[in-house]
Each structure stands twice: as structure tokens, then as C-alpha cells.
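**Q** No sequence on hand, only this structure:
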């Protein structure tokens, strides 16, 4: 799926999503890989998030691979997805209730290292 316009809502696809330079995506997103050249303000679950030059991401992401190219901007929180499909929380004081919607939407289990 490629987006060059504005979209607000829920995007749940089994393929890649790319947001073009003029694209704006707001909401909840679950996809294979997310490539951002435009603007994303969302809670995202994906295998790979790549923010390309000029791209801006605001929000939260659960992903395995995280790439911010020179000229890309990331403002938010990233949770690492392990090879086993578990989310690793680096902070012991993670606000689980605040993020419950994202974890439920992603269909992954939260693992807190004690």
C-alpha cells in the first residue's frame, strides 16, 4: 500500500505500507514493513520501520528492525520485537495500561525484565 494523500484511521494489512513525501497517516497501523517519507502520527506494529530522508514519525512503534536515515525524524517510543514475537520493555516502570491498546492491536505479548 502506498499513500500520497491523508488517511486517518486503522490500517491493518499483511503487506508493506509506504507513506510518500506528501502522505500523512494518522491512527493505528499494523503491517509487514513501514517506510516513511512523509508524516506519520500513529501507534504502529510492524517488522521494520524505516524513516527515510524528510520523513517524520510521531508516536509509538513495536518493531524488530528500526532504521532512521539521515534527514529522517523520530519522536516517540520504540518497543523492540524479538524473533519469538515478544515485546521487550527496557524500562521497569513501563506504563502498561497506557500502551495496552497498541500491544493488543499488535497481537504481541509484553515481557518486562525484572
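**A** It's in. Fair warning: this is a prediction, and the values are worked out from it, not measured in the lab. Residues are numbered from 1 along each chain as shown.

**Q** Low-confidence ranges, the chain, go.
**A** Applying pLDDT under 70 to the chain picks out residues 81-103, 108-114.

**Q** rerun at 50
**A** For the chain, the stretches with pLDDT under 50 are 90, 92-93, 97, 114.

**Q** Tell me which stretches of it form strands.
**A** Along the chain, the stretches classed as strands by DSSP state E are 2-3, 6-12, 17-19, 24-30, 33-36, 39-45, 48-51, 56-63, 65-68, 73-81, 86-89, 109-112.

**Q** Tabulate those (TSV), appending mean neighbour count.
**A** Placement of C-beta: from N, CA and C, glycine included. Shown next, in TSV, are the strands of the chain (neighbours: other C-beta atoms under 10 Å):
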stretch	mean neighbour count
strand 2-3	14
strand 6-12	13
strand 17-19	23
strand 24-30	19
strand 33-36	22
strand 39-45	23
strand 48-51	21
strand 56-63	21
strand 65-68	14
strand 73-81	16
strand 86-89	16
strand 109-112	14
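
**Q** list the contacts for the residue nearest to residue 5 when sequence neighbours are not counted?
**A** Using C-beta to C-beta, 6 or more residues apart in numbering and skipping residues adjacent in sequence, the residue nearest residue 5 is residue 23, 6.5 Å away. Applying C-beta atoms under 8 Å, 6 or more residues apart in numbering to residue 23 gives the contacts 3, 4, 5, 6, 7, 37, 38, 39.

**Q** so the last one makes contact with residue 20?
**A** No. Counting by C-beta atoms under 8 Å, no contact exists between residue 39 and residue 20, whose distance comes to 10.3 Å.

**Q** next one: stretch 48-67 to chain centre, how far?
**A** From the chain centre to the centre of stretch 48-67 is a distance of 6 Å (C-alpha atoms, centre = their mean, to the nearest Å).
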